[in-house]
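Asks: I'll drop the sequence and a predicted model, then ask my questions.
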Amino acid sequence: MINMLLAAMLYASAPADSVIALEGVTVTGQQRRDYQMRTSQSEVQVTRDFLQQNIAGSLMQTLEGIPGVKAMAIGSGQSKPTIRGLGFNRLAVSEDGVKHEGQQWGDDHGLEIDQFSIDRAEVIKGPAALLYGSDAIGGVLSLYTNHVPTERISGSVQLFGRTNNEQLGISAKLEGKLGHWFYRANATLIDYADYKVPTDSIQYYSYWIKLKDNRLRNTAGCERDGSVMLGYAGYNFHTDLRISDSYSKSGFFANAHGLEVRLSDIDYDHSRRDIDLPYQWVNHLKVLSHTTWRTDASSIELNLAYQNNRREELSEPISHGYMPQPDGSLERRFDKNTYTGNLQWRQVVGSHEVRTGISGEYQHNRRSGWGFIIPDFETLSMGAFLMDRYTLGENLILNAGVRYDHAETHIHSYHDWYQTPVGSELVYVERSSDMRRHFNSLTWSAGINYATGLWVMKANIGKSFRMPIPKELGADGINYHIFRYERGNQQLDPEESYQIDASISWANDEWDIQVDPYLNYFPNYIYLNPTSQYVEGLQLYNYTQASVLRYGLEAQLTWKFADQWQAHAQGEYLYARQQSGEKKGYTLPFSTPWSVDLGVKYSLSSTHHSPLTIGLTAHVVGKQDEIVPPEKPTDGFWTLNFAAGKDFKLHHTTLHVVLHADNLLDKRYYDHTSYYRLIDVPEPGRNLSMMVGVEF
């Protein structure tokens with residue numbers, strides 16, 4: 001928790017060559033130790049090189065190789081982040097110091113962020129509420145786009161494609177520095193077709209559905225992103241203003257949107273690049289101002305932001321239950337405006353580095369359309385924190401902090417637009433009642449870092465919280481795209497979490513070993529509990545609370561041998577058990593199974609160019625038979641993946657070539673965390689992807 005602030009604010013004063021990255025970047029032992037000593041939590045820093053070498057269909061699929069980080073995918077172009085099995089509103093995504101606010105409760109769309117605009121990222125595993133307040137109870141993904149260019153003019157162009165969904169895309173960047181002023185502009189265009197799976201049919205309830213050419217019909221999509229930045233970088237003063245806009249449109253798998261699609265007049269097999277009903281589009285506008293003033297012993301940082309997230313779901317109008325066939329295809333529309341501000345101050349006094357800050361956020365969300373799932377709402381939250389980092393010596397650092405938060409939520413009432421017979425009368429059923437809730441929370445954290453020789457050890461203990469979101473309090477409707485009926489609970493209490501994290505690592509010139517265990521206890525974990533009931537043809541899920549115990553670990557080992565060879569192994573394990581409630585003794589729905597990656601990489605040296613790197617990795621996932629009834633177990637699987645890359649120096653330009661082959665053997669398997677497994681849809685088949693980029 002404390003280290004989130006340290007990582008964000010110390011970065012600006014750290015030497016450029018002190019950045020630790022993942023595989024593919026060489027660092028000295030001292031640099032590695034310095035980075036490990038910066039924070040007492042488990043943290044991974046990701047450079048632009050890693051993002052480029054591991055480029056995938058979405059940002060989270062690009063980051064999925066990090067132990068403990070997973071992409072919860074629906075379709076081939078959208079995915080949600082999870083850290084140690086926690087995602088959605090339990091994970092904060094920050095861009096340049098401001099929390100990204102979309103409709104993150106939704107399971108069927110991803111982050112509205114252009115992954116090609118990101119310069120570096122940091123992944124914090126474990127509670128980080130001390131800096132971000134509610135929503136950071138499971139971890140933080142911090143993204144940074146505002147580094148200062150060094151050249152008068154520079155830029156890049158990247159072309160990329162994927163075979164499975166026939167994706168084609170281009171991204172371009174232009175940036176420069178004129179005196180103390182700097183600028184940057186990014187633009188990205190992506191288009192993709194229906195994606196392929198290694199089966200020619202699936203079973204939805206008792207119906208067998210044939211797939212033309214093994215493709216999930218109507219899963220095509222497109223994406224358009226753009227951003228501009230203008231900034232001033234002086235000796236002690238830095239300020240920048242960034243405006244970004246992200247638009248995406250994607251189809252929903254037609255056969256999963258209710259069985260009525262069998263009666264549709266739409267020819268879904270006419271073209272695999274068409275986006276027919278049902279589909280969604282989302283547009284995210286963000287205006288962000290970042291200002292920092294610093295001296296050798298102190299700094300002040302101010303972040304202000306406005307965000308507008310507009311999302312629509314459209315489908316063929318059909319009747320359900322007592323609802324008559326509506327006019328038009330607008331099933332749902334969400335329009336959310338978010339205003340954010342945070343101010344942080346740092347002061348060094350002897351061996352103490354004291355930090356304090358205040359933050360506030362206001363959200364205003366409105367809905368429309370003939371389908372209901374969440375009500376209109378407004379939320380106001382504010383918080384203040386104080387923390388201290390005490391350096392007792394070069395090898396021993398202590399830190400501690402405390403935070404207080406207050407939040408208010410106003411949920412509006414909603415009645416059906418059609419009448420339903422209740423007894424002898426026809427009434428407009430109330431789906432959500434007017435409600436005001438107030439939440440207060442005191443959170444804290446303490447940690448220690450210790451280094452001796454080649455060893456670095458650290459531990460962190462703390463408490464985090466998360467207030468119930470409006471969907472958990474007021475939902476009452478069909479969620480077609482994940483095949484269930486969801487119902488909220490207005491009596492939910494704020495979620496609390498107590499966690500102990502530890503990390504121990506040892507490294508020399510040949511070996512690098514790290515183990516990160518953790519223990520996590522929720523007295524009142526909020527989750528959707530699957531029931532045996534069905535409403536309007538779909539399984540009913542109710543929001544409920546239970547005490548939950550979670551523990552697990554991530555481990556990784558790298559061995560460099562024979563100059564040009566490198567072998568690596570990494571794995572993760574998560575155990576979760578409900579300690580109370582209706583499902584006491586069971587795990588949580590969609591729990592992450594254990595997994596192990598085993599790989600080898602060869603670097604072929606070149607006199608005039610960078611080495612050619614070739615790698616092969618086996619991804620092994622265990623069977624998940626820890627389930628919550630009426631869930632079903634999911635078999636384990638393994639896939640073989642290939643990667644190669646090389647840079648070519650051409651005068652004043654650099655040519656990057658990256659090639660990936662995922663699921664090389666075209667295996668049929670199911671991801672236990674994917675909602676598509678509920679209707680017998682396997683994960684994508686073999687996929688070849690290539691990226692060619694030019695930097696100048």
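Replies: Arrived safely.
Asks: for the residue lying closest to G87 once chain neighbours are set aside, list each beta-bridge partner.
Replies: Of all residues not flanking G87 in the chain, K80 sits nearest, at 5.4 Å (C-beta to C-beta, 6 or more residues apart in numbering). From N, CA and C alone the C-beta is placed, and that goes for glycine too. Residues in a beta bridge with K80, per DSSP bridges, are M72.
Asks: any low-confidence regions in the protein?
Replies: By pLDDT under 70, the weakly predicted segments of the chain are 1-32, 74-77, 257-262, 606-609.
Asks: for the spatially most central residue of the chain, what are its contacts?
Replies: The chain has P81 as the residue nearest its centroid, 2.5 Å off, counting by C-alpha atoms, centre = their mean. Neighbouring residues of P81 by C-beta atoms under 8 Å, 6 or more residues apart in numbering: 60, 63, 69-72, 87, 91, 93, 111, 141.
Asks: try it again with 7 Å
Replies: Contact partners of P81, counting by C-beta atoms under 7 Å, 6 or more residues apart in numbering, are 60, 71, 87, 91, 93, 141.
Asks: W345 now?
Replies: With C-beta under 7 Å, 6+ apart, W345 has these contacts: 300, 355-357.
Asks: hmm, F465 is touching S441, no?
Replies: Yes - counting by C-beta atoms under 7 Å, S441 is a contact partner of F465 at 4.0 Å.
Asks: picking that back up, neighbour-wise, which of the contacts of P81 leads?
Replies: V93 (26 neighbours; other C-beta atoms under 10 Å).
Asks: and for the nearest residue in space to it that is not next to it in sequence, the neighbour number?
Replies: Using C-beta to C-beta, 6+ apart and skipping the chain neighbours, the partner closest in space to V93 is H100 (4.4 Å). When neighbours are defined as other C-beta under 10 Å, H100 has 22 of them.
Asks: hang on, isn't H100 packed against N89?
Replies: No - between H100 and N89 there is no contact under C-beta under 7 Å: 11.9 Å.
Asks: tell me which stretches of the stretch 351-500 of the chain form helices.
Replies: Under the criterion DSSP state H, counting those that start in this stretch, the stretch 351-500 of the chain contains helices at 470-474.
Asks: now do the strands in it.
Replies: Taking DSSP state E, counting those that start in this stretch as the test, the strands found in the stretch 351-500 of the chain are 352-368, 377-393, 396-411, 414-415, 420-422, 425-427, 430-432, 435-452, 455-466, 476-479, 484-487, 495-507.
Asks: give the helix, strand or coil label for P593.
Replies: Under DSSP: H, G, I helix; E, B strand; the rest coil, P593 falls in the coil class.
Asks: follow-up on the earlier one: which of the contacts of P81 sits closest to V197?
Replies: A71 (16.9 Å; C-beta to C-beta).
Asks: now for the closest one: which residues touch it?
Replies: By C-beta under 7 Å, 6+ apart, A71 lies in contact with 58, 60-61, 64, 79, 81.
Asks: quick one on the thing from earlier: the residue nearest to G87 touches G110, doesn't it?
Replies: Yes - using C-beta under 7 Å, K80 is in contact with G110, at 6.1 Å.
Asks: what is in contact with those two at once?
Replies: Common neighbours of K80 and G110 (criterion: C-beta under 7 Å, 6+ apart): M60.
Asks: so between the two, which is more surrounded?
Replies: Neighbour comparison, K80 and G110: the larger count goes to G110, with 27 against 23 (by other C-beta under 10 Å).
Asks: can you map out the strands along the stretch 201-350 of the chain?
Replies: Under DSSP E, counting those that start in this stretch, the stretch 201-350 of the chain gives strands at 201-204, 207-210, 221-233, 237-251, 279-294, 298-314, 330-349.
Asks: indicate which one of these is closest to D662.
Replies: In terms of C-beta to C-beta, the element of these nearest to D662 is strand 221-233, at 18.8 Å.
Asks: who are the packing partners of that closest one?
Replies: Other helices and strands packing on strand 221-233, by 3 or more C-beta pairs under 7 Å, 6 or more residues apart in numbering; DSSP states H and E, are strand 181-192, strand 237-251.
Asks: that strand pairs with which strands?
Replies: By DSSP bridges, strand 221-233 pairs with strand 181-192 (antiparallel), strand 237-251 (antiparallel).
Asks: got JSON lines for the ones you listed, with mean neighbour count and distance to N342 too?
Replies: Converted to JSON lines, the strands paired with strand 221-233 look like this (neighbours: other C-beta atoms under 10 Å; distance: least, C-beta to C-beta, whole Å):
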{"stretch": "strand 181-192", "mean neighbour count": "19", "distance to N342": "23"}
{"stretch": "strand 237-251", "mean neighbour count": "19", "distance to N342": "15"}
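Asks: of those, which is nearest L131?
Replies: strand 237-251 (19.7 Å).
Asks: relative to strand 279-294, how tilted is the closest one?
Replies: Going by axes from the mean of the first three to the mean of the last three C-alpha atoms, to 10 degrees, strand 237-251 is angled at 170 degrees with respect to strand 279-294.
Asks: I'd like the distance from strand 237-251 to the chain centre, please.
Replies: Using C-alpha atoms, centre = their mean, to the nearest Å, the mean C-alpha position of strand 237-251 is found 17 Å from that of the whole chain.
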